[in-house]
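just the structure for this:
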Amino acid sequence: MTPSIAPESVNLGPRETFEQLAASRRDWINQVLRVWCQQASLQDLRKAALEWFDIAGRADANATLWTWAWERFPVLVHPDLPGVHETHLMDVLLHDGSRRSGYPDARQSLRGVLVLVGTDVDGSMITHDAVSIDQIADVRQAEKSSESTL
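Sure thing, here's the model as predicted:
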């Protein structure tokens, strides 16, 4: 029979208060997790979404992960609202050099894809094909006169 070995106590330094622990977690969320979301690829964001409860706790992935991901294009988000902001006409430049103009559709712009609604040359309403966050090079607030079927 082997003798039982008592576990060594681990000295973690001074004991933190709950308030310090909570502040440390908030700092990690703001300085690490949020920044990661702003830079991660769509593939990595979708992997994170599957584990979001374990990573971020009970936070809603649409209000956190996906909103933070869209923050890489600040004009697309509102600081007090989740998801993409629908109010302003946007010019979206894709990495392939093409451009699209329209209003973001928050209901259709889910899980890292952006859907724009605009008008064609006749003034009829159109919905552009969805583009992934990885395809987008830049987003700027457009002038009203730039709305088109690009």
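
going forward, measure contacts and count neighbours with C-alpha atoms only.
Noted.

in the chain, which spans are strands?
With DSSP state E as the definition, the chain shows strands at residue ranges 90-94, 99-104, 113-114, 116-119, 125-127, 131-132, 136-141.

how many neighbours does K47 have?
11 (other CA atoms under 10 Å).

next one: it from L65, what distance?
Applying CA to CA, to the nearest Å, the value for K47 to L65 is 11 Å.

again with L76
L76 is 15 Å from L65, by CA to CA.

more crowded one of the two?
L65 (27 against 23).

surely the more buried one meets W36?
No: with contact defined as CA atoms under 8 Å, L65 does not reach W36; the gap is 9.4 Å.

in this protein, where's the longest helix?
When the chain is parsed with DSSP state H, its longest helix is helix 18-28.

report the buried residues of that one.
If you call a residue buried by 16 or more other CA atoms under 10 Å, then helix 18-28 has no buried ones at all.

same check, this time on stretch 123-140
In stretch 123-140, counting by 16+ other CA under 10 Å, buried: 127-128, 131-133, 136, 139-140.

can you pull the contacts of V77?
The contact partners of V77, taken as CA atoms under 8 Å, 6 or more residues apart in numbering, are 67, 70-71, 83-85.

tell me the contacts of the residue lying closest to R72 once chain neighbours are set aside?
In this structure, R72 finds its nearest non-sequential neighbour in Q38, 5.1 Å apart by CA to CA, 6 or more residues apart in numbering. By CA under 8 Å, 6+ apart, Q38 lies in contact with 68-72.

repeat that with 10 Å
45, 65-73 (CA atoms under 10 Å, 6 or more residues apart in numbering).

ok, of these, which one's closest to F53?
For the contacts of Q38, the residue nearest F53 by CA to CA is L65; the value is 10.9 Å.

give me the spatial nearest neighbour of that closest one, chain neighbours excluded.
Nearest non-adjacent residue to L65 (CA to CA, 6+ apart): C37, at 6.2 Å.

again, but for P82
A63 (4.5 Å).

could the contacts of V77 go into a markdown table alongside neighbour count and distance to G118?
Shown next, in a markdown table, are those (neighbours: other CA atoms under 10 Å; distance: CA to CA, whole Å):
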| residue | neighbour count | distance to G118 |
| --- | --- | --- |
| T67 | 26 | 22 |
| W70 | 24 | 20 |
| E71 | 21 | 22 |
| G83 | 29 | 19 |
| V84 | 26 | 16 |
| H85 | 20 | 15 |
